[in-house]
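Asker: Predicted structure and sequence below. I'll ask about it afterward.
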There are 8 protein chains.
Amino acid sequence: MDRSDVREVLEDVAGGRMSVDDAIDRLKLIPFEDLGFAKVDHHRSIRQGVPEVVYGAGKTVEQIVAIAESMLNQGSGSVLVTRITEDVASEISRSLPIEYDSSSRIGVVGSIPGHEGVGKIVVVSAGTSDIPVAEEAAVTAEFLGSKVTRIYDAGVAGIHRLLAHSEDLLSARVVVAVAGMEGALPSVIGGLVECPVIAVPTSVGYGASFGGLSALLTMLNSCASGISVVNIDNGFGAGFLADRINRMESP
Amino acid sequence: MDRSDVREVLEDVAGGRMSVDDAIDRLKLIPFEDLGFAKVDHHRSIRQGVPEVVYGAGKTVEQIVAIAESMLNQGSGSVLVTRITEDVASEISRSLPIEYDSSSRIGVVGSIPGHEGVGKIVVVSAGTSDIPVAEEAAVTAEFLGSKVTRIYDAGVAGIHRLLAHSEDLLSARVVVAVAGMEGALPSVIGGLVECPVIAVPTSVGYGASFGGLSALLTMLNSCASGISVVNIDNGFGAGFLADRINRMESP
Amino acid sequence: MDRSDVREVLEDVAGGRMSVDDAIDRLKLIPFEDLGFAKVDHHRSIRQGVPEVVYGAGKTVEQIVAIAESMLNQGSGSVLVTRITEDVASEISRSLPIEYDSSSRIGVVGSIPGHEGVGKIVVVSAGTSDIPVAEEAAVTAEFLGSKVTRIYDAGVAGIHRLLAHSEDLLSARVVVAVAGMEGALPSVIGGLVECPVIAVPTSVGYGASFGGLSALLTMLNSCASGISVVNIDNGFGAGFLADRINRMESP
Amino acid sequence: MDRSDVREVLEDVAGGRMSVDDAIDRLKLIPFEDLGFAKVDHHRSIRQGVPEVVYGAGKTVEQIVAIAESMLNQGSGSVLVTRITEDVASEISRSLPIEYDSSSRIGVVGSIPGHEGVGKIVVVSAGTSDIPVAEEAAVTAEFLGSKVTRIYDAGVAGIHRLLAHSEDLLSARVVVAVAGMEGALPSVIGGLVECPVIAVPTSVGYGASFGGLSALLTMLNSCASGISVVNIDNGFGAGFLADRINRMESP
Amino acid sequence: MDRSDVREVLEDVAGGRMSVDDAIDRLKLIPFEDLGFAKVDHHRSIRQGVPEVVYGAGKTVEQIVAIAESMLNQGSGSVLVTRITEDVASEISRSLPIEYDSSSRIGVVGSIPGHEGVGKIVVVSAGTSDIPVAEEAAVTAEFLGSKVTRIYDAGVAGIHRLLAHSEDLLSARVVVAVAGMEGALPSVIGGLVECPVIAVPTSVGYGASFGGLSALLTMLNSCASGISVVNIDNGFGAGFLADRINRMESP
Amino acid sequence: MDRSDVREVLEDVAGGRMSVDDAIDRLKLIPFEDLGFAKVDHHRSIRQGVPEVVYGAGKTVEQIVAIAESMLNQGSGSVLVTRITEDVASEISRSLPIEYDSSSRIGVVGSIPGHEGVGKIVVVSAGTSDIPVAEEAAVTAEFLGSKVTRIYDAGVAGIHRLLAHSEDLLSARVVVAVAGMEGALPSVIGGLVECPVIAVPTSVGYGASFGGLSALLTMLNSCASGISVVNIDNGFGAGFLADRINRMESP
Amino acid sequence: MDRSDVREVLEDVAGGRMSVDDAIDRLKLIPFEDLGFAKVDHHRSIRQGVPEVVYGAGKTVEQIVAIAESMLNQGSGSVLVTRITEDVASEISRSLPIEYDSSSRIGVVGSIPGHEGVGKIVVVSAGTSDIPVAEEAAVTAEFLGSKVTRIYDAGVAGIHRLLAHSEDLLSARVVVAVAGMEGALPSVIGGLVECPVIAVPTSVGYGASFGGLSALLTMLNSCASGISVVNIDNGFGAGFLADRINRMESP
Amino acid sequence: MDRSDVREVLEDVAGGRMSVDDAIDRLKLIPFEDLGFAKVDHHRSIRQGVPEVVYGAGKTVEQIVAIAESMLNQGSGSVLVTRITEDVASEISRSLPIEYDSSSRIGVVGSIPGHEGVGKIVVVSAGTSDIPVAEEAAVTAEFLGSKVTRIYDAGVAGIHRLLAHSEDLLSARVVVAVAGMEGALPSVIGGLVECPVIAVPTSVGYGASFGGLSALLTMLNSCASGISVVNIDNGFGAGFLADRINRMESP
């Protein structure tokens, strides 16, 4: 039973071919989605032309191509494919036009949005090895329509390098702070800026970094206000959320 | 050496009593803060009249009173004291006027801001036992100037109770989702709304909830986009961040 | 808008006072629950007279009394209150008639179901200290309508004590196996019986039992088939699920 | 000493060639199994013709073939071999006829049971990557005689996709809910249905999913009643238990 | 059906009142234990007069008294009650004669075995706070019939204090090494002696000792051969096992 | 300064060429070992002809050969090399005669001790995958001089298979119980036998077995007396300790 | 056999009453310590008059008094008693003169060393609640002879407060950095100074601070060079080590 | 704005071209670093000719070469590259002269400092497999200017091998103690020496060593004073810190 069924029931009621009681019984069985409930359809109508995202890790090339094609068919202008290697991108390119960015491990299928970006997101990363995750956040946010400034290699063990960027930090609408190892970067930034800070722990490190657990705990325990945390290595999630916040309009 | 020292150095230079080279040497020694650097002073000048916050847990009544008095003396109109018991509030009341809210375990010292609140933050909690943390978030955000709608006792094991509030959720600018035990609430909400969702794990539970660890991990692993997480039981942090995001102006 | 609103909309359609298109728009806004959707109402109509359950731990006497009264008012014949002390039960008894069973830490408010119990659930526990959790499971299942046989103090370190009850085990429709410390009981039982086994780790133990974690892991790793696990100390959950399975009818 | 020894002892007693006291002494030494005790033999007599299962992971092709042949020789009509790759299945096929299903990673050796399946098990999975575990559960249950309905890609971050299948869920006798990452699916389903729910955490995820630990904890802490949990990735265990419960007869 | 039933069956066979086939059928139903199987009875016959042990922690005085009385009634000359406070011992003394040793937290009910002890167990402990666990091991082993030498306060941070006891260590038949904090004692001892070393981690420590986990891991990872480990704080288990090994006779 | 230096000092004292005070001063500087202290030399004198052991994992072929040659040169009749692959053994065979046993992953370099073995160690393992660890224990104990009986594939989920070996278990002087997954085997055996039981957790398993942690915790928490535990997969350690205990002589 | 025995042996050798070979045999048995070996005696002779330390936590007043008296009797001029409450200090004062410092929870028994302190240790702490641990470090170092400068309440979330003390930090010979919660302080300091930094995690925090584990991991993973870590809350250990390093003399 | 800007501002003030107030406003905007603040420049001026260090693991050959060249260009006489394989070193050698030491996995680019080394650092390691980490510490310290003595294969399970080196240990200014498995070495050394001990846990081990966690916890919990700990496998950090402490001059 889909939405046309709802119309049919109502038309039967309008036409006197179905009693109100029978209609109530019929409506109980209508699947949630088909009622055009809330988010779903509204969502779809808004989303025409808006880019979609596919998490590429752990998916075969066939699966990625199939999902991306389906999205494009449903009207998406472009599709962001995250966490893929250059090889995977190259294989995808046999079926679909894709532009691959090796620093963020992101491929863009279809026409790329040509916007200049609004607002200002600052993405800061602590070490060289944190850059792929930072780029995943930055490229995602740019793709979704935000303007992004990058400050890389600014860990807390060289605090002057971070402080040298005070002006950028203080003018940000949102900061994404990416760090592995001790993960202290978001705390220091949280003490400097007044805007929301999204902390991204990375799995960079060795020994007692336990695959990012150390950085994660540090960030969750931050004494600075205005900080929240996403999953280890989740650059996409941070970029997505940063874009959402950055593009908020006045209440 | 404080800011008047900087002026003094500059006046000596202006008056020809100090060479430029000597002035450079002197300036190198000036403490960071005294240069009126960035956030600090700017901060103070902006903050006149704005409420301050004291984390009350683990502080003695004497310490809380001393800190609050110092803040009021520096011009704060009111001070929010979090995580205090009714007894502590009552002891504080001997020294300072304080209004205590037992549901959020928050006391307000001094004149309370009379604003109506702007925007719309929705605070959702899963179980009855999560309410104190939810209230800490809600009262904090209200205190800082946001309008807050509460949806309590809406855990995912009774999904209809949550869905019954779709309208409130869909009209929120920020959602704070508070849950202990399995902590699945933010994921479900994150799939319903398009605004930022701040997830707060609570230490409510028993057995394998491990003091909130289970809920924390669930939230960090959420498949929904637009979710970030604060520390276990950190209602204040969530309310503070929600207020920041809620009151953002258009880019 | 509640269910009478749905009727109203439909009657307006039937009476020609509302177009089909307008009706579709109105129906989109109806809260999930009010459509009489699925479980909720069906649930209520079935549940008249059926006992309800309140998890008592961490609730005040006032809260328990209020919830129980509300349930009784909605037609429940009796209410099971779990995880309460004798003192709490005694305080509740000032407001509501309650029968308290100290071994299971369960109180029953209102008229107790007088059934004899159907089928056969066998509750086995390993040590004397596991009995409260075992009793929580047993009393819950009996309360919900199942017949329960208890085999206590039958840990795997004295396997003959367990084997002496082979006949009871082999004739069970469901077995609830409760154990702390090493938690090996469900594995051994799972190798003896062919019916479903619900394993309940308890927090009984010391040292490396880590509050039930050791028993929990043992049970999850069981090599025997037909075993599933509930949370540490969750006797109620095991008893509830055992009753559900026990009272299944032929497919 | 085997069962014929028991007969011999008894015949000696019957023939007066052995005293009762000596017989008691002899019987004490008889191995448990050889007495035809309880489950074992009874088991065997019942099991003739019933399929057996071999856990294939970590076994060599030689070991799998040997075990399967031995089972077939003892009268099993067919053998289910779980967790094998296509390569292993292909190597096995040199020695034994095997049908391999790549989605569930299961091979069936020997004649496949031709039943249509009884009752109704619903297997729900959250993400695409959870499908192999879900299929392991589904294929196992079908193999053992149950009818299975699959609902895939229905995670809680898109709750409408799950709710769209309310009818299937509400008519299930058992639900197997498979999820990695945040693992919230069983809680939501447990709040919708009244039948037993078997939760299967998967190792799908990254970062703080810790190889399935996050999903496991979520499921153990579920607030919904009627849920129990099996080991991470244990699709076979869930399918086996679901079949047991599904095929229960009225008490 | 108990052992007299077995005799009865056999006598019926002997008297020609029951066929051999019927007897076999009857015997299948006899509970394991009642066959006087293996360990159980043999055990009982040997155990007459031998002391029994009750783990006292988490048991009420009533429970301890009941269990001890039952043991004495079954012929035990004395009962060791471990992990009880002086208060509990004093309450027990109202019902049963008990001698309490506060250093080991052990009480002995009934007549104490008067033996001098055989062989030589050496109990070594690292710190003053480890002594209660060490005494639990020592008193247990003495009670069971072993001769025990104590070397206390001999942690590895003062290796000379341990080496000063080389003669005692080298003449031991078994060493029980008790340590909290870093738990390195058994490794050092294991490198000095050739006899079996039983390592007992204690929960003594703070910070990253995590309630004995640190000491436990150290002991499990010992590079020295001949070491095995019991649970955290399990002095009784170590003393019991040490006595078993100490009293072994030549092969 | 070595032992001949001690003699020299003493001869100087004897010959009046050095005062007693000077001799005391000289002796303070003598390295521990060179005094012929305790274990070391005594050890060596006893060990002539006795096999030595090299832990092969993580060592290069060159390192293994060098160590084994040095041991043989110092008088060892043979050297046990544990945890090596067939390839490593084959490379070693170019330099030294080695006999490799693939089931235990052990190679023996040099002349193998021809003894028949004394006493009786029983090695029990739960699953097929636990056999390499069990064999490491068995082969080690045999190599060191003990007689070993193997009972494999006797996990607790099929308790009758274990009980069928009661006679062997009851006649053992030491039992080595090897198990992965739930690790319950030692508890059940510990309840059946009166001799010492050495429990060996293995890393066999998946999901929540966490590389052997689950089995390790189960074994540490065993309710049965007389059990102690070695490191995960430490078959050598268990076999070594079992041999030590097995060959103890009467006190 | 003690040191006088060594003299005796040597005198017998000198007097011709004992052969050199017999003397060697005798010396083998001399306990390590009695040889006046290395550290022990040397230690004692140096230590006359130097303060000793007693870890007070978990010791009874009687034990503390006994240990302190024994130390004073052996010549210590004063004894530092750490981790004691005011009550314990007051009880000790009945037996021994003690001066108690409530901020560091340290008592000093006997005459206090009157030195001014050499070098410069800077103790920095992040939050108010970290002060007791910081004071334990500071008071310990002062007691042992170092000069200590305190910088409290200088967490990384307010980096300017820390930077305001650059001069003190840059002139330190050793820095002790004390922090709970996120524990990022030592990393920032390690990036500013060139001297050794001793990091002390504290158990201050809530939620995912896990009793200091979060701070501990952060510190171990620090990207800054020159940092090492002591146990959670181990202020004494840090102060002791800082004093050792501070008082090093030129190589 | 850089340092020349500061001069310009001051010259404008001196020349009367800028008011003091305007100058203060300008100075507020000057980036931290450009003021020649504190550590940074001071650092640089001192560091001319001093070797720099690059952490090589996880960096591409291109990245390492680029960083090293940049360092050499800025005046470093040589660059230490840690954690690289022989292959990486060989690839680097195509661009830059590099000397590779396979035991420490360290390469030195550029002219090697020809110093003899001052003071005395003793690096002790427990097992053969710990040597690479120990060598990383030793080579680092030597490179930075310290004299290093190595004591390898001196684990606590053969305490005499360690004690045989008492003289070296007692004459050390700093000891670096490297150990995996049980990690007890630093505790024993800490009890022997009076100088600072830097403990380095290694990831060497299996089973419950959990990648170095066991050794790490042991070292943090050491009862000996004067010990601090660096991250698992962090030989470089230990060598760097040891050099710093070793080269301290008298206060």
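Answerer: That came through fine. Numbering: from 1, shown residues only, chains lettered A, B, ... in the order given.
Asker: could you pull out the helices for the stretch 151-251 of chain A?
Answerer: For the stretch 151-251 of chain A, the helices defined by DSSP state H, counting those that start in this stretch cover A:159-163, A:166-170, A:185-192, A:213-220, A:235-246.
Asker: Please find the angle between the direction vectors of the fourth one and helix B:213-220.
Answerer: Helix A:213-220 runs at 90 degrees relative to helix B:213-220, counting by axes from the mean of the first three to the mean of the last three C-alpha atoms, to 10 degrees.
Asker: so how far is helix A:213-220 off the chain centroid?
Answerer: Offset of helix A:213-220 from its chain centre (C-alpha atoms, centre = their mean, to the nearest Å): 21 Å.
Asker: and it, average pLDDT?
Answerer: What helix A:213-220 shows for mean pLDDT is 94.
Asker: CA atoms only: put that helix into CSV for me.
Answerer: Output in CSV follows, covering the C-alpha atoms of helix A:213-220 (Å, rounded to 0.1, in the frame of the first residue of the first chain):
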residue,chain,number,x,y,z
LEU,A,213,41.4,5.6,22.2
SER,A,214,43.8,7.8,24.0
ALA,A,215,43.0,10.8,21.8
LEU,A,216,39.3,10.1,22.1
LEU,A,217,39.3,10.0,25.9
THR,A,218,41.4,13.2,26.0
MET,A,219,38.8,15.0,23.8
LEU,A,220,35.8,13.8,25.8
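Asker: and it, is it in reach of chain H?
Answerer: No - Helix A:213-220 is not in contact with chain H by C-beta under 8 Å from any C-beta of the partner chain; minimum separation 9.5 Å. Placement of C-beta: from N, CA and C, glycine included.
Asker: So is that helix next to chain D?
Answerer: Yes - using C-beta under 8 Å from any C-beta, we find that helix A:213-220 touches chain D at A:213, A:216.
Asker: what helices or strands is that helix leaning on?
Answerer: helix A:185-192, strand A:197-201, strand A:227-229, helix G:213-220 (3 or more C-beta pairs under 8 Å, 6 or more residues apart in numbering or on different chains; DSSP states H and E).
Asker: List the contacts of it.
Answerer: A:179-184, A:186-187, A:199, A:201-202, A:205, A:208-209, A:227, A:229, A:232, B:216, B:220, B:229-232, D:207-208, G:182-184, G:207-210, G:213-214, G:217-218, G:220-221 (C-beta atoms under 8 Å, 6 or more residues apart in numbering or on different chains).
Asker: and what of the third one?
Answerer: For helix A:185-192, the surrounding residues in contact (C-beta under 8 Å, 6+ apart) are A:124-126, A:154-156, A:159, A:162, A:166, A:169-170, A:175, A:177-179, A:197, A:199, A:218-219, A:222-227, A:229, B:38-39, G:155-159, G:182, G:184, G:188.
Asker: so for it, what's the average pLDDT?
Answerer: 90.
Asker: could you give the angle of that helix to helix G:213-220?
Answerer: Using the same axes, to 10 degrees: helix A:185-192 against helix G:213-220 is 100 degrees.
Asker: ok, back up a step: export the helices and strands packed on helix A:213-220 as CSV, with columns for distance to A:Val133 and mean neighbour count.
Answerer: Shown next, in CSV, are the helices and strands packed on helix A:213-220 (distance: least, C-beta to C-beta, whole Å; neighbours: other C-beta atoms under 10 Å in any protein chain shown):
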stretch, distance to A:Val133, mean neighbour count
helix A:185-192, 12, 29
strand A:197-201, 6, 33
strand A:227-229, 13, 30
helix G:213-220, 19, 30
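Asker: Strands of the stretch 1-150 of chain A, residue ranges please.
Answerer: Assigned by DSSP state E, counting those that start in this stretch, the strands in the stretch 1-150 of chain A fall at A:52-55, A:78-82, A:98-101, A:106-110, A:118-125, A:146-151.
Asker: can you redo these as TSV with mean neighbour count?
Answerer: Shown next, in TSV, are the strands of the stretch 1-150 of chain A (neighbours: other C-beta atoms under 10 Å in any protein chain shown):
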stretch	mean neighbour count
strand A:52-55	19
strand A:78-82	23
strand A:98-101	17
strand A:106-110	25
strand A:118-125	25
strand A:146-151	20
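Asker: weakest of these by average pLDDT?
Answerer: When I compare those, strand A:52-55 is least confident, with a mean of 83.
Asker: I'd like to know which helix or strand in chain A has the lowest mean pLDDT.
Answerer: helix A:38-47 (a mean of 32; mean pLDDT, DSSP states H and E).
Asker: And for A:Arg17, the neighbour number?
Answerer: Residues near A:Arg17, counting by other C-beta atoms under 10 Å in any protein chain shown, number 11.
Asker: A:Val61 now?
Answerer: 17.
Asker: Spatially, what comes nearest to it if we skip its sequence neighbours?
Answerer: A:Glu91 (4.5 Å; C-beta to C-beta, 6 or more residues apart in numbering or on different chains).
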